[in-house]
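Trainee: here's a sequence, model it:
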Amino acid sequence: MSSLFRGEDMTLCQIYFQSEAAYSCVAQLGELGIVQFRDLNPTVNAFQRKFVNEVRRCEEMERKLRFLESEIIKEKEIALTDAQEFCEAPKSKEMIDMETALEQLEHDLQEVNSNKDALKKNYLELQELRHILTKATTFFEEQDRIQTGEQTVLQMDTQDRVQPLRLGFLAGVIDRERVPSFELMLWRICRGNVFLRTAEIEEALEDPKTNTQVNKTVFILFFQGEQLKIKVKKICEGFKATIYPCPETASERREMGLGVMTRLEELKTVLDQSLNLRKSLLTNAALNVKTWFCRVRKMKAIYHTMNMFNLEVNQKCLIAECWAPVNELTRIKLALDKGTELSGSNIQSILNRMETKEQPPTHHRLNQFSEGFQNIVDAYGISSYREINPAPFTVITFPFLFAVMFGDAGHGLIMSLFALFMVLRETQLKNKFKTNEVWQIFFGGRYIILLMGLFSIYTGVIYNDVFSKSMNIFGSSWKVGVSKDFDFEKVTVFDLNPNPNVNRSLNEIKMYSGTPYPFGVDPIWIMSINKIAFTNSLKMKFSVIIGIMQMMFGLVLSLLNHLFFGKMASVFFEFIPQVIFLTFIFVYLCLMIFIKWIRFDGSPNSTQCAPNLLIELINMFFFKSAADEDSCKALYSGQSIVQKILIVLAVLCIPTMLLGKPIILYLRHKRKSQVFF
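Mentor: Sure thing, here's the model as predicted:
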């Protein structure tokens, strides 16, 4: 029980490992998870430690596993298999076997990938060439018509004519989105002396570099002269256009097309075989990648821990220092014996307790239920060694304070059902969606959500709020009492008389029964125009009362800590002034809330006399009170004098808290210094 409300009693231990058994012993201690090793080589560089080479080898294996994982993720048809439920750290002798297996797998996969990329590149080029040859017939027919219509005839006499000009051409493929800028650049650089024809490729082609579908366009450029040819080639290179050889005659194009089709079919067969081989490699690797990751990371953590150890003078054993719970020393010794047995060594590891004045680390024993609440507390600050752990109390206070603010029974029911589903199916859901960070947050806080939902149902019933609607379960204590001939169309607001004792002689009608609603807020408030003002005031007062109760409870925990550690100065100069200050101001505020609820019943006269407690609290610091101006606003007789006395005493506690303990510590230090000299 003490470990639940306080941290574990820790001790500093020294362990002597035989060099051959150190790895197995550290692995067994790591599985326990209750030992914190100290770094005995703080001045030694990380690259100069004994097991740095082993750490580097583990990092290299991690790199190879990340490469395999990235390749598996690219294949959407292959799913990674989760790691084993219990993944043991491999033996140190198995490191070479793992390195060899991962290196061979990486080499095979890289070779398959390089062959696949080369085959895909060749396949893409042949596809583009096939489309060029298909579109070329139309282009050349248009070119022949243009050349025939525009040939220039220079007539020297009636007999002689010059021969028609021959145009050069280039054929290629370019990305479709680059065609407009490509055409504009050709026009500007070549001054309109180039004739461009384009045709879109209907099917999308796969880019071997990005493995994405790309839309491309076939083009043929007609020009005259070598200078224009050089310029056109440079422009094509700038726009990353691919140029292919294209014969001029139709027969040659037809013959080349048949050859391209044959090569495409053969290449398709080889490419499919290469993809099947790659898929089989990745499928086999996907079964073990997660397990390999777990084993390699554990191995790396072991060698990283062993780098904190010192070597004996003879270098036959390793010396380690660690913090460990006193109650777990027996389990630690059993783990050391098991590690020595697994390593095959005959020399047992030696565990010695050490005396030290250093403050040990804080260790809390956790389970699945308390882990989430402990994480919330640790997010604000970890308690000092052997202090009271606030987490067990947070199990109730945190969900309840949430429910005070949330306060909806309908939404709380949904939260409870969702959390209950995660709790009941936690074994099946534990290993699912590990890569989904949002799901892991919800799953880790399943017990917190469950309690928040249950408390929200409770506060929602108190607030009579279910999906922002009220329920009239027990029957309202109010009724609209009017005469039969009352015309509701003439009024926009109708006031209900809260006084249950009506005067019949004045023809007053009883509207309030005098008995409150049995549980929670009366449903009549859902129809009230001042519903928000009423509910906000009610929730604010509840929050103030509960918050001050929690503050007082925190002071009680601090008193228990002071008494446990024997800090009587903290009791007299911290706890007592803090309690007085809190009681005389904030507890007094809670007392005023209860007095106001009891004394003022809501009748018109009572409502006018009811003081504003926030203004009353502020006036306390100015030594004023609403009762000084209007006696009907007094909560009790002598209120003004009592409040002045409380403020004076509370203010006197401030210098006591600020100066009392520092003066005591100074006098103690001065006394010790005089004794020393």
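
Trainee: quick check: residue 571 vs residue 658, distance?
Mentor: 16 Å (C-beta to C-beta, to the nearest Å). The way it works is simple: take the backbone N, C-alpha and C, and place the C-beta from them, glycine included.

Trainee: which of the two has more neighbours?
Mentor: Between residue 571 and residue 658, residue 571 has the larger neighbour count (other C-beta atoms under 10 Å), namely 14 against 11.

Trainee: surely that one is in contact with residue 559?
Mentor: Yes. Look at residue 571 against residue 559 with C-beta atoms under 8 Å: they come within range, at 6.6 Å.

Trainee: and residue 58, how close does it get to residue 293?
Mentor: From residue 58 to residue 293 the distance is 11 Å (C-beta to C-beta).

Trainee: between these two, which has more neighbouring residues?
Mentor: Higher neighbour count among residue 58 and residue 293: residue 58, with 24 against 19, using other C-beta under 10 Å.

Trainee: apart from its chain neighbours, what residue comes closest to that one?
Mentor: residue 300 (3.7 Å; C-beta to C-beta, 6 or more residues apart in numbering).

Trainee: give me the number of residues near the one you found?
Mentor: 19.

Trainee: gap between it and residue 46?
Mentor: 13 Å.

Trainee: what's the answer for residue 93, then?
Mentor: 25 Å.

Trainee: same question for residue 497.
Mentor: Distance from residue 497 to residue 46, by C-beta to C-beta: 81 Å.

Trainee: okay, those two: which has more neighbours?
Mentor: Taking other C-beta under 10 Å, residue 497 and residue 46 do not tie; residue 497 has more neighbours (16 against 10).

Trainee: quick check: pLDDT value at the more buried one.
Mentor: pLDDT recorded at residue 497 is 72.

Trainee: please look at it and residue 513 and confirm they touch.
Mentor: No. With contacts counted by C-beta under 8 Å, residue 497 stays clear of residue 513, the gap being 11.8 Å.

Trainee: any idea how far residue 109 lies from residue 327?
Mentor: From residue 109 to residue 327 the distance is 50 Å (C-beta to C-beta).

Trainee: and the helices in the stretch 301-450 of the chain, which stretches?
Mentor: 329-343, 368-380, 391-406, 409-424, 426-429, 437-444, 446-463 (DSSP state H, counting those that start in this stretch).

Trainee: what's the closest of those helices to residue 544?
Mentor: Residue 544 lies closest, by C-beta to C-beta, to one member of these: helix 391-406, at 10.6 Å.

Trainee: what angle do helix 446-463 and the closest one make with each other?
Mentor: With axes from the mean of the first three to the mean of the last three C-alpha atoms, to 10 degrees applied, the angle from helix 391-406 to helix 446-463 works out at 40 degrees.

Trainee: tell me which other helices or strands helix 391-406 touches.
Mentor: helix 368-380, helix 446-463, helix 531-565 (3 or more C-beta pairs under 8 Å, 6 or more residues apart in numbering; DSSP states H and E).

Trainee: most neighbours per residue, which of those?
Mentor: Highest mean neighbour count of the helices and strands packed on helix 391-406: helix 446-463, a mean of 21 (counted as mean count of other C-beta atoms under 10 Å).

Trainee: can I get the CA coordinates of that one in CSV?
Mentor: Coordinates of each C-alpha in helix 446-463 appear next as CSV, following Å, rounded to 0.1, in the frame of the first residue of the first chain:
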residue,chain,number,x,y,z
ARG,A,446,-9.4,4.6,-21.9
TYR,A,447,-9.8,4.3,-18.2
ILE,A,448,-9.7,8.1,-17.8
ILE,A,449,-12.3,8.5,-20.5
LEU,A,450,-14.5,5.9,-18.8
LEU,A,451,-14.4,7.7,-15.5
MET,A,452,-15.0,11.0,-17.1
GLY,A,453,-18.0,9.7,-18.9
LEU,A,454,-19.5,8.1,-15.7
PHE,A,455,-19.0,11.3,-13.7
SER,A,456,-20.4,13.3,-16.6
ILE,A,457,-23.6,11.3,-16.4
TYR,A,458,-23.8,12.0,-12.7
THR,A,459,-23.2,15.8,-13.0
GLY,A,460,-25.5,15.8,-16.1
VAL,A,461,-28.3,14.4,-14.0
ILE,A,462,-27.6,17.1,-11.3
TYR,A,463,-27.7,19.8,-14.0
